[in-house]
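Asks: Predicted model follows, preceded by the sequence.
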Amino acid sequence: RVASFRPMIPRGRYAPSPTGTTHLGNASTALLAWLSVRAASGPYVVRLEDLDRPRVVAGSAEGILRDLDWLGLDWDEGPDRGGPYAPYVQSERGGPYAAAFETLRAAGLIYPCFCSRRDIQSAASAPQSPGDEALYPGTCRDLPPDEVAARVASGRAHAWRFRVEPAAVAPFTDRIHGRYEAPPGSIGDFVVRRADRVPAYQLAVVVDDIAMKIDEVVRGEDLLASTVRQLLLYRALGATPPAFAHVPILLGADGVRLSKRHQGATLRELREAGESAASIVGHLAHQHGLRPKPEPIRARQLVAGFDLGI
Ligand code: GLU
């Protein structure tokens, strides 16, 4: 039996949702993901996560690619340039999601859920990030098969949930956080297909990272708990998970996680205010402790010797 090994040349990715304009928090994640893979001479893949149609903003995808280019973060595969695992836009990737869904269904690992959002959601656990969801109380987990069949036959809308066995919820080792363990009981049965038949984030991201042969996932630490769910899907689909590195989320001056709500924190605003890409990269590098001072620097000057683990 051959020991598992990490590839010498990893494939990394940046997976933005085209729901607005790039802000410093997005740029920070994109930069660290790029540095990590470039330091190992690996390819950088850009994938647009646009399944949540009502949140998609026209022109956002083009703007995100322009911003990456402006920052000096080049990519080898992506929506505009294709590549061996095209398409790189989730809304065009229905086939792989349907195949994974069938695998999970055939294995009895998912079940239909007829609950409405209002049935489930308690104000205290309103989702904060794409991977978060209110803890599911298990209402539809053990419905008798004939009851399920009757409801489906009557046309009742239903999502599909992954059946989480508490014993299967395992800690994992993150390259930045070290060992991460979800609080006991915090990972409920999660949605893999929404009632409108759209694949949920958890399933789509795992199916795509498998299909695109991604070896390292560098993303915001708001997705740490989601990773625990995603690892269950990797196992269920018989795939080896990538290495994970969850990077700190930048905070605004108000101490709140940076988002498009913050005035003056989008790349467009900063550019219009006369900031150069090098000054933004220098600011981000300083924030992450890569440079002692926030001096202008080009992204490619940060590549040599870059290591996420420090
Ligand atoms: N599309 C997700 C977001 O923009 C990121 C997903 C991921 O990196 O796994 O928040």
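Replies: Received the coordinates, thanks.
Asks: and the stretch 151-300 of the chain, which residues reach the ligand?
Replies: Residues of the stretch 151-300 of the chain found near the ligand (C-beta under 6 Å from any ligand atom) are 205, 219, 223. In short, each C-beta sits where N, CA and C put it, glycine included.
Asks: In helices, which of the residues you listed appear?
Replies: Those of these mapping onto helices are residue 205, per DSSP state H.
Asks: Quick one: which of the residues of the stretch 151-300 of the chain next to the ligand is the most crowded by neighbours?
Replies: Neighbour count (other C-beta atoms under 10 Å) singles out residue 205 as the most crowded of those, with 27 neighbours.
Asks: can you pull the contacts of the residue of the stretch 201-310 of the chain found nearest the ligand?
Replies: Closest approach between the stretch 201-310 of the chain and the ligand, counting by C-beta to the nearest ligand atom: residue 219, at 3.6 Å. Neighbouring residues of residue 219 by C-beta atoms under 8 Å, 6 or more residues apart in numbering: 15, 29, 33, 245, 246, 247.
Asks: Recalculate using a threshold of 6 Å.
Replies: residue 29 (C-beta atoms under 6 Å, 6 or more residues apart in numbering).
Asks: what's the answer for residue 213, then?
Replies: Contacts of residue 213 (C-beta under 6 Å, 6+ apart): residue 11.
Asks: you'd agree it is in a strand?
Replies: No: assessed with DSSP: H, G, I helix; E, B strand; the rest coil, residue 213 is coil; it does not lie in a strand.
Asks: So it versus residue 145, what's the distance?
Replies: 38 Å (C-beta to C-beta, to the nearest Å).
Asks: repeat for residue 27
Replies: Taken as C-beta to C-beta, the span from residue 27 to residue 145 is 50 Å.
Asks: Neighbour count: these two, which is higher?
Replies: More crowded of residue 27 and residue 145, by other C-beta under 10 Å: residue 27, with 27 against 7.
Asks: now for the host helix or strand of the more buried one, which elements pack on it?
Replies: When elements are assigned from DSSP states H and E, residue 27 belongs to helix 24-39. If you count contacts as 3 or more C-beta pairs under 6 Å, 6 or more residues apart in numbering; DSSP states H and E, helix 24-39 packs onto strand 12-14, strand 216-220.
Asks: Rebuild these as JSON lines, extending it with mean pLDDT.
Replies: Output for the helices and strands packed on helix 24-39, formatted as JSON lines (pLDDT from 0 to 100):
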{"stretch": "strand 12-14", "mean pLDDT": "98"}
{"stretch": "strand 216-220", "mean pLDDT": "96"}
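Asks: deepest of the ones you listed, which one?
Replies: strand 12-14 (a mean of 26; mean count of other C-beta atoms under 10 Å).
Asks: Show me what that strand is packed up against.
Replies: Using 3+ C-beta pairs under 6 Å, 6+ apart, strand 12-14 is in contact with helix 24-39, strand 44-46.
Asks: now those in CSV, with mean pLDDT and distance to the ligand?
Replies: As requested, these are exported to CSV (pLDDT from 0 to 100; distance: least, C-beta to the nearest ligand atom, whole Å):
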stretch, mean pLDDT, distance to the ligand
helix 24-39, 96, 7
strand 44-46, 98, 11
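Asks: what's the closest of these to residue 272?
Replies: Residue 272 lies closest to helix 24-39 among the helices and strands packed on strand 12-14, at 14.4 Å (C-beta to C-beta).
Asks: CA atoms of that closest one as CSV?
Replies: Taking C-alpha atoms only, helix 24-39 is exported to CSV below (Å, rounded to 0.1, in the frame of the first residue of the first chain):
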residue,chain,number,x,y,z
LEU,A,24,-10.3,44.3,0.5
GLY,A,25,-11.5,41.1,2.2
ASN,A,26,-11.9,39.3,-1.1
ALA,A,27,-8.6,40.7,-2.4
SER,A,28,-6.9,39.4,0.7
THR,A,29,-8.1,35.9,0.2
ALA,A,30,-7.4,35.9,-3.5
LEU,A,31,-3.8,37.2,-2.8
LEU,A,32,-3.0,34.6,-0.2
ALA,A,33,-4.4,31.7,-2.3
TRP,A,34,-2.4,33.0,-5.3
LEU,A,35,0.9,33.4,-3.3
SER,A,36,0.5,29.9,-1.8
VAL,A,37,0.2,28.1,-5.1
ARG,A,38,2.6,30.3,-7.0
ALA,A,39,5.3,29.8,-4.3
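Asks: Measure how it sits relative to strand 216-220, angle-wise.
Replies: Interaxial angle, helix 24-39 versus strand 216-220 (axes from the mean of the first three to the mean of the last three C-alpha atoms, to 10 degrees): 160 degrees.
Asks: Could you list the residues in contact with helix 24-39?
Replies: Contacts of helix 24-39 (C-beta under 6 Å, 6+ apart): 10, 12, 14, 44, 73, 218-220, 247, 250, 258, 265, 284, 302-303, 306, 308.
Asks: And stretch 293-305, what's buried?
Replies: 297, 299, 302, 303 (16 or more other C-beta atoms under 10 Å).
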